[in-house]
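Just a sequence and a predicted model for now, questions to come.
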Amino acid sequence: MARVGQKTCVSNWPGILSAISGRRFPLNWTIQPSTTTSAAPQKLVVYGPWGVNTPEGKIFLDLIKPFEKKYNVVIEYTGTTDYSTEAQQMTSGTPPFDVVVFAPVGLARQLAAGGYLTDLTPYLQSSGLLSELIPYYLEPLNVSGRIYGVPVDAWSKPGIYAYVPTMQKYGISMPTAINERWSWDQFLQYIGKLKGAGVIPVGTGAADQWPLVIIFEPIAYSLGGKDLYYAIMCHKISYTSPIVEQAFEFYLSLVASGAFGPTAFAASQHFIDVYALMKNGTVAMYFMGDWTPFFNKNYTAFMPIMAPSINPELAGQYFVVSGGDWALVPKNAPHNKTLAIQFALWLASK
């Protein structure tokens, strides 16, 4: 399995390719709480990528309760992935939030370089937390030797998640080693077999748009390896380049094969809807991330399998797209900046 380091490209995608799976962060580090008083609670506004009614969102809201109690603070949380708007709010000098959990590394680095984020380096050093965090995940927000964001979680996208009962029902063997990895032609054959049985081979999540990128990513790295992946994600290559056009041709060949089912059906699916369609036997596979078993509370029926091999020269290599979310404190945090910094570091310690 190939592992490469974090690229610090300017992109709206984290674009971290590695063999690291979804690791959580430490550990033993704690913040000494403020002295308890009868004063009215302080307020912090936090934006993050998890919807309040999603499994992740509910866990996050439970996670922050001890901080609220220790620091006599009420956290007002908003779930959104509108990173462009969040960036504009920070550059305006009047962001509505004190802490934002942010995914696009390139955009965060631009904000740091422009002076819109709080330098967390001295607080990480004085707290001792700096030595506890995984350097691999600190480096993306290290700008000119200063750290402007702390990692709060990690995720990976291993390729495809297959619903095991459906695959077994139709006699489709799933690769468990690189030398068993499907070729693209085999993948298309299995798509045809599933279609013939009346099953939609692949779910899309297209109504939410971002899942479509997860289909394209393994096509890119299976065709041109990490170099092509980084070139595309870091905007270092034209979309009219022959190899990029070839990648899109593979994508279009999936559409033409009927892999996603009727157009209206494919376009209507929200990210979370696909899981129910898999469990009821309507859909067999899904290009998705390692949060899939967690969302479904089932670590056996939803099996990660390697994306099909395209380039014979890369058949012996396997890439995983991995990334995370980072807590940022705007330079002009609107409420209590000291408390916002404490909260960001506290999140990183959990």
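On my side now, so go ahead.

Give me the distance between the residue nearest to residue 147 when sequence neighbours are not counted and residue 87.
Computed as CB to CB, 6 or more residues apart in numbering, the closest residue to residue 147 that is not its neighbour in sequence is residue 121, at 4.8 Å. Where C-beta positions appear, they are placed from N, C-alpha and C, glycine not excepted. As judged by CB to CB, to the nearest Å, residue 121 and residue 87 stand 21 Å apart.

partners of residue 160 in the sheet?
Taking DSSP bridges, one finds residue 287, residue 305 as the beta-bridge partners of residue 160.

pLDDT at it, what is it?
Here the pLDDT value assigned to residue 160 is 96.

next one: residue 36
Note for residue 36: predicted pLDDT of 50.

For residue 121 and residue 87, indicate the residue with more neighbours.
Per other CB atoms under 10 Å, whichever of residue 121 and residue 87 has more neighbours is residue 87, with 21 against 14.

got a list of what that one touches?
107, 110-111 (CB atoms under 8 Å, 6 or more residues apart in numbering).

Centre of the chain to the helix or strand encompassing residue 122, how far?
Residue 122 belongs to helix 121-127 when assigned by DSSP states H and E. Distance, stretch centre to chain centre, for helix 121-127: 27 Å (CA atoms, centre = their mean, to the nearest Å).

name the helices or strands packed onto that helix?
Applying 3 or more CB pairs under 8 Å, 6 or more residues apart in numbering; DSSP states H and E, we find helix 121-127 packed against strand 146-147, helix 337-348.

tell me which residues of it are tucked away?
Neighbour-count burial for helix 121-127 flags 123-124, 127 (criterion: 16 or more other CB atoms under 10 Å).

Stretch 151-165 now?
Within stretch 151-165, the residues that qualify as buried are 151-164, counting by 16+ other CB under 10 Å.

Out of these, list just those in helices.
The helices, defined by DSSP state H, take in residue 164 from the buried residues of stretch 151-165.

between the buried residues of stretch 151-165, which is nearest residue 92?
Closest approach between these and residue 92, by CB to CB: residue 152, at 24.5 Å.

who are the neighbours in contact with that closest one?
With the criterion set at CB under 8 Å, 6+ apart, residue 152 makes contact with 25, 101, 324-327, 347-348, 350.

so how many other residues sit close to residue 342?
For residue 342, the number of neighbouring residues by other CB under 10 Å comes to 24.

Packing partners of the helix or strand that the helix holding residue 122 is followed by?
Proceeding N to C from helix 121-127, the next assigned helix or strand is helix 135-138, under DSSP H and E. Packed against helix 135-138 by the contact rule (3+ CB pairs under 8 Å, 6+ apart) you find strand 150-157.
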